[in-house]
Structure formats: structure tokens, C-alpha cells
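Undergrad: My questions are about this predicted structure, shown below with the sequence.
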Amino acid sequence: MPYLGLGVYKMEDREEALNAMATALKLGYRAIDTAALYNNEREVGEAIRASGIPREEIFVTTKVWNSDQGYDETLRAFETSLKKLGLEYVDLYLTHWPVEEKFVDTFRAIERLYEEKLIRVPGVSNHHQHHLEKIFSKANVQPMVNQVECHPYLQQDELKDFCREHNIAVTAWAPIGKGRILNDETLVKLANKYGKTPAQIVLRWHYQNDTITIPKSVTPSRIAENMNIFDFELSNEDMLAIKALNKNERFGQNPDNFHFNF
């Protein structure tokens, strides 16, 4: 699974989404993160086919939405997503949020899809440790990925340590804090020091912390900027300076208390 992918949340305009994905794939991105909720799975499949890049070189993630959770419901939702994508398999399939009384059965369905080789990697998103432990007690194959909100203001160290102990890769959504952290004095100072942007500093920090990121952008220059993080390295001192920014501050909802009006 690539360490850097393109998130396509809120890319609702068809041409804008296709252009963003085409730009990313030309620049070397090899992972696209979508979801049933995003209503752009068709565009993801179309962009992959139009790119000329072999399917096996592109890592595709999608997710089952809350209203479609449960064992049978998840299997049906996956079939719908696969048809929209126009693909023979999905690389990573995730439970979008841990819907109470349903998320364990949802993952059991994802486990079945993995066993049937319709997905390459079974995973979850927005799961705390206690959600994962409930899944462990029922599943034969544990989640291999947990996608969670993670950025310098919400570093999730305890959860990341737990995932590491159980060989679960962590993907950060909102890796640059929805842009709300980019004026932070420490990040601006480090950006000036390294000749990079604050966003590049944060994405590099994630990379050095062994965290996968899926920054979303429809702007070609930003898509290129987000990819340009592999030609420098943050010092241990500067990594610690970013670590000190943690506030346990969420910009999204808490997996223990989430409400959506979709």
C-alpha cells in the first residue's frame, strides 16, 4: 500500500474529479481513496481506465457507508461499489464508521470478501481500540488497516501503538488538519527552515512516523506539492517539535459519538 494517496472526498463535480485523478496518476500517485458516500466511484474507475496504467499498479480503497452496514447489507453494498468502479476487485475495503450493533457483522462480511479474493486487504476506519478488540473476538482475519483522523493536533499515539502491536497499518484522513493547522507557528518555522510548505512538513512528519496519508486536493499545483516530500528528512529534534503540538483536538467526529445527516 503506497504511503501517499489521493483522497477524493467531496469531489462531487465529475470533470473536476476526473481531472484531479488524471493529474495525480500522471505525477506518480498510485493510490486513490474513495467511498460509497463520496458518490464518485464511477469517476475513480473511469480515471484508472483512462490513465493507461496497469490496474495492478493502482491501489484502490472504498468504504461501506453507515446505512448499508450489517452482514448481508455489506455484501450487497460491496457489489454495488464494484459495479460502479467497473473493477474486478478492490484493493482495500473499509467499514466507514463503527455503527453500534453492526460494525462487527460488517467486518465479518469484509472478511468473507477477502476470503473470496474480491478484496486484497480487509480494513476499517474510525475505529478506536475497543472497537478493534470486539472485532478480534469474532473475526478469523483481523483488520489490516485502520483509517482515522490524524494530524499534529490529534496524533493518536496510543491507538497507533495498539495498531502497530497488531500489525494494523494506520492511514491518516485529514492529515493536514483540513488546512486549519497550516498557520501554526512551529510548522511555518519548519517550512522556512527546510524550504518547504507547512503542508509538506506535516506530510513528511506522517511519513517518518510510518503513517499512510491520503491528502485531498483538486488543485494540480497542490496535488504536485503533496507528492514532493521524499527529497528531505526532518531531524529528530524537529520531529519532537511537531510531536509537542498534540492537543487531542478533532476536526471531525468522534467514533464513540458520531452523527450524520446524510
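TA: Great, that's in hand. Numbers count the residues shown, from 1 in each chain.
Undergrad: Show the contacting residues for the residue lying farthest from the centre of the chain.
TA: Distance from the centre of the chain peaks at Lys193, with 28.7 Å (Cα atoms, centre = their mean). Contacts for Lys193 (Cβ atoms under 8 Å, 6 or more residues apart in numbering) come out as Asp238. For the C-beta atoms, the positions are set from N, CA and C on the backbone; glycine is no exception.
Undergrad: what mean pLDDT does the helix or strand hosting it have?
TA: Using DSSP states H and E, Lys193 falls within helix 185-194. Mean per-residue pLDDT for helix 185-194: 98.
Undergrad: swap in stretch 4-11?
TA: 97.
Undergrad: From start to finish, how long is that stretch in a straight line?
TA: One end of stretch 4-11 sits 18 Å from the other (Cα to Cα, to the nearest Å).
Undergrad: ok, and what's touching it?
TA: Stretch 4-11 has contacts (Cβ under 8 Å, 6+ apart) with 17, 20-21, 24, 29-35, 38, 40, 43-44, 59, 61, 173, 203, 207, 212-218, 223, 226-227, 229.
Undergrad: doesn't Pro198 make contact with Ile229?
TA: No. Ile229 is beyond contact range of Pro198, at 11.9 Å (criterion: Cβ atoms under 8 Å).
Undergrad: what about Trp84, how many neighbours?
TA: Quick fix: residue 84 reads Lys, not Trp. By the other Cβ atoms under 10 Å criterion, the neighbourhood of Lys84 contains 18 residues.
Undergrad: Centre of the chain to the helix or strand hosting it, how far?
TA: Per DSSP H and E: Lys84 is located in helix 71-85. How far helix 71-85 lies from its chain's middle: 19 Å, per Cα atoms, centre = their mean, to the nearest Å.
Undergrad: List the buried residues in it.
TA: Glu73, Thr74, Leu75, Ala77, Phe78, Ser81, Leu82, Lys84, Leu85 (16 or more other Cβ atoms under 10 Å).
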